[in-house]
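*Asks:* I need the structure of the sequence given here:
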Amino acid sequence: MTKLFFILCLSFASMAQARLAGEWTGWGNWTFKGEPPGTDCPTMQMKWSESADRVSVDGGLFDCGVVAMHLGETAWKISNGHLFDETGKNVGTYDGANLSVYMPSPNEKTTIQIIVKREANHIDYQEVWFNQFEKVYVITGRLFTSGE
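*Replies:* Here you go, the predicted structure:
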């Protein structure tokens, strides 16, 4: 019984330490203006890394058949649960399992919001491209890790 209790404590402790770092693979959907049905993304891959003061997307690919997006490196500095871009601007929050960040898009009139929520061995990913009038793209996904 003591051994089982110890194993359960270790399991909960490792889940409490869950971070975004690792390689993630899954699937999702890409919609125009957030309207269904959108385009299925049977292959979504991301690689995240992090340290005590930095979290980053190190690359990835969202392959959605008719449209695809290659992810380059994007990094944020972490300080007291807040995320800062390369200019030092406060752009979001991160608590080790939940990330929410705003960033510019290639189109100066459009902003990107990324929300990532980690639970156990998966993350729920949402990326919304929007302007002052409407959502332009909504990309969602569920990605899994091998247990990092």
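
*Asks:* the helix or strand encompassing residue 27 pairs with which strands, and in what direction?
*Replies:* Using DSSP states H and E, residue 27 sits within strand 22-32. Using DSSP bridges, strand 22-32 pairs in its sheet with strand 39-51 (antiparallel), strand 135-144 (antiparallel).

*Asks:* and the contacts of it?
*Replies:* 37-48, 60, 62, 64, 67, 122-123, 125, 136-146, 148 (C-beta atoms under 8 Å, 6 or more residues apart in numbering). (C-beta placed from N, C-alpha, C; glycine too.)

*Asks:* for the chain, which spans come out with low pLDDT?
*Replies:* Within the chain, the stretches with pLDDT under 70 are 1-18, 146-148.

*Asks:* backbone phi and psi for the most centrally placed residue in the chain, please?
*Replies:* Nearest to the centroid of the C-alpha atoms of the chain, with distances taken as C-alpha atoms, centre = their mean, sits residue 116, at 3.9 Å. The phi/psi pair for residue 116 (degrees, to the nearest 10) reads phi -130, psi 130.

*Asks:* make JSON lines from the strands paired with strand 22-32 and add distance to residue 101 and mean neighbour count to it.
*Replies:* Formatted as JSON lines, those follow (distance: least, C-beta to C-beta, whole Å; neighbours: other C-beta atoms under 10 Å):
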{"stretch": "strand 39-51", "distance to residue 101": "12", "mean neighbour count": "17"}
{"stretch": "strand 135-144", "distance to residue 101": "14", "mean neighbour count": "19"}
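
*Asks:* I'd like the ones you listed laid out as a markdown table, including distance to residue 74.
*Replies:* Below are those laid out as a markdown table (distance: least, C-beta to C-beta, whole Å):
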| stretch | distance to residue 74 |
| --- | --- |
| strand 39-51 | 10 |
| strand 135-144 | 15 |
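
*Asks:* quick one, which of those is nearest to residue 21?
*Replies:* strand 39-51 (4.8 Å; C-beta to C-beta).

*Asks:* that older thread, for the strand holding residue 27, which positions count as buried?
*Replies:* Buried residues in strand 22-32, counted by 16 or more other C-beta atoms under 10 Å: 22, 23, 24, 26, 27, 28, 29, 30, 31.
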